[in-house]
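Enquirer: Build me a model:
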Amino acid sequence: MKRNILIPGFLLCLSVAAYGQVPGMSPVAGNESDTHGCDATAGFVYSSVRKECIRPSDQRIQLIQADTSGSFIMGGAIIFSDDGKKAEVFIPGPRKSLLLSDQGDGTWKKGPYLLSKPGKYLLQEKGVLIYKEKEK
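Expert: Residues are numbered from 1 along each chain as shown. Take a look at the predicted model:
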């Protein structure tokens, strides 16, 4: 009985070693780069403002979900262009980032998104607060 189990197990190990993966399964994580060459598995994404790969979690301005009543709280980050006319916001979701434009009144906007700073940065979507600057 043990022999019947050991031989198929040994053959499976050999096939994994020879081909690098189990048939029908995805390749091993750790080798995923986006179209700009940013290593997504290490947390890097491409920044349109900086024109380079960045890690949102390493940025100076960190965001936290405004509604913290859930069991899982998501975060994000903001970076600005050198002239301050563009604000790039990284938050979880299907889009890579939000690129907001300076409105000349201390706010940045694109579509339904509005970033303002009445003391701390606040991000609203359709007038509803969704993220706020994380306390340091």
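
Enquirer: Tell me the bridge partners for the closest residue to Ile91 other than its chain neighbours.
Expert: Nearest non-adjacent residue to Ile91, counting by C-beta to C-beta, 6 or more residues apart in numbering: Gly76, 3.7 Å away. All C-beta atoms are positioned from the backbone trio N, CA, C, and that covers glycine. Note on Gly76: beta-bridge partners by DSSP bridges are Leu63.

Enquirer: list the buried ones in stretch 68-77?
Expert: Within stretch 68-77, the residues scored as buried using 16 or more other C-beta atoms under 10 Å are 76-77.

Enquirer: Tell me the gap between it and the middle of its chain.
Expert: 13 Å (C-alpha atoms, centre = their mean, to the nearest Å).

Enquirer: what's the answer for stretch 114-125, then?
Expert: On C-alpha atoms, centre = their mean, the centre of stretch 114-125 falls 20 Å from the chain's centre.

Enquirer: secondary structure class for the residue nearest to Gln103 when sequence neighbours are not counted?
Expert: Distances taken as C-beta to C-beta, 6+ apart put Lys109 closest to Gln103, at 5.4 Å, once the chain neighbours are dropped. Following DSSP: H, G, I helix; E, B strand; the rest coil, Lys109 is assigned to strand.

Enquirer: was I right about Phe44 contacting Ser57?
Expert: No - using C-beta atoms under 8 Å, Phe44 is not in contact with Ser57, being 10.1 Å away.

Enquirer: ok, the two, which is more surrounded?
Expert: Neighbour count, other C-beta atoms under 10 Å: between Phe44 and Ser57, Phe44 has more, with 19 against 11.

Enquirer: Could you pull up the contacting residues of the more buried one?
Expert: By C-beta atoms under 8 Å, 6 or more residues apart in numbering, Phe44 lies in contact with 38, 53-55.
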